[in-house]
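Undergrad: Turn this into a model:
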Amino acid sequence: MSAPEFPATTERSTLCGALRAEHAGTQARLGGWVESSRNLGGMVFLNLRDRAGVVQVSFNPDFTPAAMIETASSVSLESVVRVEGTVALRPQNMANADMDTGAVEVQATSITVLGPAESIAMPVVAKRSNLPAEEIRLRYRYLDLRRAPLQANLILRHRLLQVTRAFLDARGFLEVETPILTKPTPEGSRDYVVPSRLHPAEFYALPQSPQLYKQLLMISGMDRYFQLARCFRDEDLRADRQPEFTQIDIEASFITPEDLYTLTEGMLQALFAVAGIQIATPFPRMTYADAMENYGCDRPDMRYGLQIRDVTSVFRESDFAIARAAIASGGRVRGIVIPGGAALSRKQVDEIEVAAKSAGAAGLMRIKCVNGVADGAPAKALTDAGRAALRLSDGDLMLLVAGPDHISNPALDRTRQDAARRMSLVPDGASELLWVTDFPMFAVDPETGRLDAMHHPFTAPNPEDFGFLDSEPARIRALAYDVILNGTELGGGSIRIGDPALQRRVLSLLGIDASTAEERFGFLLEALSAGAPPHGGIALGFDRIAMLLAGAPSLRDVIAFPKTTAARALFEGAPTVIPADELAALHLKPAHA
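TA: Residues are numbered from 1 along each chain as shown. Take a look at the predicted model:
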């Protein structure tokens, strides 16, 4: 690893981790944290750490005053010290190949304790397998952030930010900040709201995204906008979700989906290169309909096969009651074939079935091909021709779900992922990127038939489907697209509605009447009526990209001060109770009042 550049200051001449063999014979003035200490009877060795790395500092009577050796021998771990001395080559047999600075040491002539560590609540240097519980690390985040892996993640995040800005700036995009205190609008999740002191009983909302503002910027003639935007959503959390997060937000005028595909692919290529990963462009594309039919989800992992098969026709005339009942009620019989899966134990298949059930399936129908013969209750209910139509090879395991697509799709998606993991079908280090296109304009509630926006209410319909607006709106495709990496959505976007009359029509289809539309979106409708260029954009989850490129297991590992899955900030203790007098100033009452 090359040494980082660092401008000298009064306190430091360089960084600890920047020293190399070519610096031998020079004077160094270092500041950092004491990571470890060894006292060898008159000689003391400290490992001194800063964000660039660790270097060994030696205190020897041959070159170090006795008082300085005494200070070095008594300094506590994690104390902040300043050290001055000469950079020297370590004897060849004592060089440390595991350290970037392992060829040298600093032969100290002085040490000053600047910040003694009186108590350390958790160890800083530890292997991942020995780390304290995450709740403890979040409670003492200032200590956790001293760990080299987390510092490396934040350094990577910084570099990704700079590359993003440089890439978009070079292509004529302007970085424009949009408001944090804004108006509540439906974006798919609950808003975080902020009471107004000056306007009793009125509230701001924190933005779930800058969607409306970036459209207003296009109407304003700004032409090309981007922002590293802070977004806020009050939703249930998990490893790859936080209540506040950052997205790369992009919008442009006079642009088509093809233009946005090219722009996004080039930007991701530049971002991946920061992590040393080369990706090929253009990315393959798949329609939403094909993704759901063949993989059961709109973000398929393309690193392995296991495509879904439709065997409804095979089971339509079978004697298998579960399958026939599902088909009779309008459902289908679909499943995946796992090569070599017949070797899985019954317990292992039961565990796969638990995953399918967690996604809504009643269970999995199982067929094994052993010695070239399809076996299992579903197979026995078929004719010889029916069993042949399954197209199974010796050693295959077929797992089937019978039911409507809104049940079988998520269940088979989970089955596919679990089976791939168990059969070691997921290659290490592969990066399979994919565009999913032609999303439906609307999601249809299977129980009520109610329409909801698949992405958001401002997504433009495909002009080829305008004829379905009045008759069959559920058939309308949107000019919307998502970019997927290894089964994870990196981001999505769309071309926007530029016609205020069409925007009102779409809001009406979503059950938003004219008066409600004016109340919620009147400012956008007014602006659209003033002349709107064709425009569209995309938003990419920056934290998620950083997490994937860092190889981190959680978003919390690439965010300096994250929240827990309960949306709590453990170190500072947020959220917290507000005193009654402060609530009164905001025209609010305590919850128990």
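Undergrad: Distance-wise, check residue 320 relative to residue 14.
TA: Here residue 320 is placed at a distance of 74 Å from residue 14 (Cβ to Cβ, to the nearest Å). All C-beta spots, glycine's among them, are computed from the backbone N, C-alpha and C.
Undergrad: Mind checking which of these two has more residues around it?
TA: Neighbour totals were compared for residue 320 and residue 14, and residue 14 leads with 23 against 20 (other Cβ atoms under 10 Å).
Undergrad: list the contacts for that one?
TA: Going by Cβ atoms under 8 Å, 6 or more residues apart in numbering, residue 14 touches 6, 8, 23, 28, 29, 30.
Undergrad: Take those and, keeping just the buried ones, write it as a ChimeraX select command.
TA: In ChimeraX syntax, the buried subset of those is picked out as below (16 or more other Cβ atoms under 10 Å):
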select :23,28,29,30
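Undergrad: Once you drop chain neighbours, what's closest to residue 96?
TA: residue 102 (3.4 Å; Cβ to Cβ, 6 or more residues apart in numbering).
Undergrad: Give me the neighbour count for that neighbour.
TA: Residue 102: 17 surrounding residues under other Cβ under 10 Å.
Undergrad: now the contacts of residue 14 as JSON lines including pLDDT?
TA: Putting these into JSON lines (pLDDT from 0 to 100) gives the following:
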{"residue": "6", "pLDDT": "74"}
{"residue": "8", "pLDDT": "84"}
{"residue": "23", "pLDDT": "96"}
{"residue": "28", "pLDDT": "97"}
{"residue": "29", "pLDDT": "97"}
{"residue": "30", "pLDDT": "97"}
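Undergrad: quick one: which of the contacts of residue 14 is nearest residue 289?
TA: Nearest to residue 289 among those: residue 6, at 54.0 Å, using Cβ to Cβ.
Undergrad: what's the closest non-adjacent residue to that closest one?
TA: residue 15 (4.8 Å).
Undergrad: count of residues packed around the one you found?
TA: Neighbour tally, residue 15, other Cβ under 10 Å: 21.
Undergrad: for the stretch 101-250 of the chain, what spans make up the helices?
TA: 134-139, 141-144, 148-169, 211-219 (DSSP state H, counting those that start in this stretch).
Undergrad: Give the residue spans of the stretch 51-200 of the chain that score low on pLDDT.
TA: 126-128, 186-188 (pLDDT under 70).
Undergrad: Now do the contacts for the residue lying closest to residue 311 once chain neighbours are set aside.
TA: Distances taken as Cβ to Cβ, 6+ apart place residue 333 nearest to residue 311, at 5.3 Å, with adjacent residues excluded. Taking Cβ under 8 Å, 6+ apart, we find residue 333 in contact with 310, 311, 312, 314, 315, 323, 326, 327, 365, 400, 401, 402.
Undergrad: so which helix or strand takes in residue 333?
TA: If you go by DSSP states H and E, residue 333 is part of strand 332-338.
Undergrad: buried set for that strand?
TA: For strand 332-338, by 16+ other Cβ under 10 Å, it's 332, 333, 334, 335, 336, 337, 338.
Undergrad: how far is that strand from where the chain is centred?
TA: Mean-position distance between strand 332-338 and its chain equals 30 Å (Cα atoms, centre = their mean, to the nearest Å).
Undergrad: got a list of what residue 175 touches?
TA: 165, 168, 169, 225, 226, 227, 228.
Undergrad: brain fart, residue 169
TA: Per Cβ under 8 Å, 6+ apart, neighbours of residue 169: residue 175.
Undergrad: Against residue 213, how distant is it?
TA: Counting by Cβ to Cβ, the gap from residue 169 to residue 213 is 20 Å.
Undergrad: same thing with residue 315?
TA: For residue 315, the distance to residue 213 - Cβ to Cβ - is 52 Å.
Undergrad: With residue 546 instead?
TA: Counting by Cβ to Cβ, the gap from residue 546 to residue 213 is 24 Å.
Undergrad: Who has more neighbours out of these two?
TA: Using other Cβ under 10 Å as the criterion, residue 546 and residue 213 rank with residue 546 on top: 26 against 20.
Undergrad: Sticking with that one, tell me its helix or strand.
TA: helix 542-550.
Undergrad: same for that helix, what does it pack against?
TA: Contacts defined by 3 or more Cβ pairs under 8 Å, 6 or more residues apart in numbering; DSSP states H and E place helix 542-550 against helix 148-169, strand 244-253, helix 257-274, strand 488-495.
Undergrad: Sheet partners, orientation included, of the second one?
TA: If I follow you right, that is strand 244-253. Strand pairing for strand 244-253, determined by DSSP bridges: strand 224-232 (antiparallel), strand 535-541 (antiparallel).
Undergrad: Kindly calculate the angle that that strand makes with helix 148-169.
TA: With axes from the mean of the first three to the mean of the last three Cα atoms, to 10 degrees as the basis, strand 244-253 and helix 148-169 are set at 20 degrees to each other.
Undergrad: so where do the strands sit in the stretch 1-150 of the chain?
TA: Using DSSP state E, counting those that start in this stretch, the strands of the stretch 1-150 of the chain run over residues 27-39, 44-50, 53-59, 80-89, 104-115.
Undergrad: Would you tell me which of those strands gets closest to residue 182?
TA: strand 44-50 (40.2 Å).
Undergrad: Show me what the mean pLDDT comes to for the closest one.
TA: Strand 44-50 comes out with an average pLDDT of 97.
Undergrad: Any buried residues in stretch 576-591, and which?
TA: For stretch 576-591, by 16+ other Cβ under 10 Å, it's 583, 588.
Undergrad: next one: stretch 397-413
TA: Quick answer for stretch 397-413 (16+ other Cβ under 10 Å): 397-403, 405, 407-413.
Undergrad: Would you pull up how far stretch 209-226 lies from the middle of the chain?
TA: 24 Å.
Undergrad: first to last residue in that stretch, what's the distance?
TA: 12 Å (Cα to Cα, to the nearest Å).
Undergrad: which residues touch the nearest residue to residue 234 once chain neighbours are set aside?
TA: Nearest residue to residue 234 in three dimensions, chain neighbours excluded: residue 190, at 3.9 Å (Cβ to Cβ, 6+ apart). Each residue near residue 190 by Cβ under 8 Å, 6+ apart is listed here: 233, 234, 235.
Undergrad: Output those as JSON lines; include the columns neighbour count.
TA: As requested, the contacts of residue 190 are exported to JSON lines (neighbours: other Cβ atoms under 10 Å):
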{"residue": "233", "neighbour count": "20"}
{"residue": "234", "neighbour count": "14"}
{"residue": "235", "neighbour count": "13"}
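Undergrad: how close does the residue lying farthest from the centre of the chain get to residue 118?
TA: Relative to the C-alpha centroid of the chain, counting by Cα atoms, centre = their mean, residue 62 is the outermost residue, at 53.7 Å. Distance, residue 62 to residue 118, by Cβ to Cβ: 32 Å.
Undergrad: same check, this time on residue 101
TA: 28 Å.
Undergrad: now swap in residue 427 and tell me
TA: 49 Å.
Undergrad: again, but for residue 178
TA: For residue 178, the distance to residue 118 - Cβ to Cβ - is 45 Å.
Undergrad: So these two - more neighbours on which side?
TA: Using other Cβ under 10 Å as the criterion, residue 178 and residue 118 rank with residue 178 on top: 19 against 8.
Undergrad: My guess is that one contacts residue 207. True?
TA: Yes: with contacts counted by Cβ atoms under 8 Å, residue 178 reaches residue 207, the gap being 7.2 Å.
Undergrad: Pull up the overlap in contacts between those two.
TA: Going by Cβ under 8 Å, 6+ apart, residues that sit against residue 178 and also against residue 207 are 213, 229.
Undergrad: if I pick residue 123, what's in contact with it?
TA: residue 132.
Undergrad: from now on call the first residue 36
TA: With 36 as the first residue, the last one maps to residue 158.
Undergrad: how about low-confidence regions in this protein?
TA: 36-40, 161-163, 221-223, 274, 628.
Undergrad: and it, what are its domains?
TA: Taking automatic domain parsing as the reference, the chain has its domains at 51-150, 164-290+569-628, 339-457.
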